[in-house]
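Asker: Quick one, fold the following:
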Amino acid sequence: MADSRIFGHTTEVISKALNVSARRHNLITGNIANMDTIGYKPADLDFNQTLKRLMGEKEPDYLDKTHPYHLPPDQDEKIAIKGTNSEEVDLYHLDLVNIDTEMMNLMENNLKYRVTTEMLLRKMKILHYSIDEGGK
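Answerer: Numbering: from 1, shown residues only. The predicted structure is shown next:
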């Protein structure tokens, strides 16, 4: 945020909570989209743990390779994907994504996002009221 004296720590927490909700939404919708993909394993993140981690550490100003097989950030050349086509179907891994669970997670995440947005709107109303009443 531009000035912490105006917006405060609460707005920073709300902003990061909205970012975590958006990331979780992308993961859940990815799970639903890949529901029929053979061998796909659903991904999710813990909202509270992720928010605590984000509030505790600063974002880096650079990209760093943490493993020798990671690509550098300025990679422009095409990558060859090597693989073979298989006619086998693993019937035991077709039902890893449960649509009911994913829809419940999506609904819960949507509710958290809406509540967090309402908190941000109320914070802005308080700021607007303070500015408006200070001018009188």
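Asker: list the buried ones in the lengthiest helix in the chain?
Answerer: Longest helix of the chain, by residue count under DSSP state H: helix 99-134. By 16 or more other CB atoms under 10 Å, the buried positions in helix 99-134 come out as 102, 105-106, 109, 112-113, 116, 119-120. In short, each C-beta sits where N, CA and C put it, glycine included.
Asker: Next, format those residues as CSV and append distance to Met55 and pLDDT.
Answerer: Putting the buried residues of helix 99-134 into CSV (distance: CB to CB, whole Å; pLDDT from 0 to 100) gives the following:
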residue, distance to Met55, pLDDT
Glu102, 27, 91
Asn105, 22, 92
Leu106, 24, 94
Asn109, 19, 94
Lys112, 16, 93
Tyr113, 18, 95
Thr116, 14, 94
Met119, 15, 92
Leu120, 16, 92
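Asker: Same list (those) but as JSON lines, adding distance to Pro68.
Answerer: Converted to JSON lines, the buried residues of helix 99-134 look like this (distance: CB to CB, whole Å):
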{"residue": "Glu102", "distance to Pro68": "35"}
{"residue": "Asn105", "distance to Pro68": "35"}
{"residue": "Leu106", "distance to Pro68": "37"}
{"residue": "Asn109", "distance to Pro68": "35"}
{"residue": "Lys112", "distance to Pro68": "38"}
{"residue": "Tyr113", "distance to Pro68": "38"}
{"residue": "Thr116", "distance to Pro68": "39"}
{"residue": "Met119", "distance to Pro68": "43"}
{"residue": "Leu120", "distance to Pro68": "42"}
